[in-house]
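[1] the sequence and its predicted three-dimensional model are supplied below.
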Amino acid sequence: MNYQVIVKKYNDEYILYIKELSLIHKSKDLEKGYQEINKKKQEILKSIDDYDLPKSLNKKSYNIKNYIIKSSVIFLGLTFLISFSGMKLISKFEDVSLRLKNDLKLNIKEEIKSKVNNLKEKDEVDLERQERNVDLIKIIVKELKPYYKEIIKINE
């Protein structure tokens, strides 16, 4: 296997470094230092072969495993969070709609009938008063007409 030798000059010495093997060598002469680090490299590789050790860690597969595990944990956490909050939100909507339904139990037809009956019950109803009552009924119906279909849905 070919390993890259990184060379840096520090003061009057050369620092030679092979990252994959974590191998460092110092020398005043660059050629001699290169030969010595290659000699150390060969010794390390021979020892690895003699003891049947793996030459390198497959970092890509390790990183992919970590990525898949982390992504799965995040996905499951978000799924749980979204489903839990969704259930809470739906139950709140149901509570609010039931409360509104109970609070707004309106029977518009009965209300209008009772008001009309109240207008009729008076013994003396002159023509002017009848016209005014009819106008009042028209105003009530006109005001409630846009909401009538919605009110019917609430009453169901």
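    Nice, thanks for sending it over.

[2] is it fair to say L16 lies in a strand?
    Yes. Counting by DSSP: H, G, I helix; E, B strand; the rest coil, L16 is found in a strand.

[3] is it true that it touches K32?
    No. In this structure L16 lies outside contact range of K32 using Cβ atoms under 8 Å: 10.4 Å. Every C-beta, even on glycine, is put in place using the N, C-alpha and C of the backbone.

[4] higher neighbour count, the two?
    L16 (21 against 12; other Cβ atoms under 10 Å).

[5] for that one, which residues are in contact?
    If you count contacts by Cβ atoms under 8 Å, 6 or more residues apart in numbering, L16 has them with 5-7, 24-27, 33-34, 37.

[6] now which of these would you call buried?
    Neighbour counting with 16 or more other Cβ atoms under 10 Å marks 5, 25, 27, 33-34, 37 as buried within those.

[7] between those, which sits nearest I82?
    V5 (52.6 Å; Cβ to Cβ).

[8] isn't the closest one up against Y14?
    No. V5 sits out of contact with Y14 when judged by Cβ under 8 Å, with a separation of 10.5 Å.

[9] longest helix anywhere in this structure?
    Looking across the chain with DSSP state H, the single longest helix is helix 59-103.
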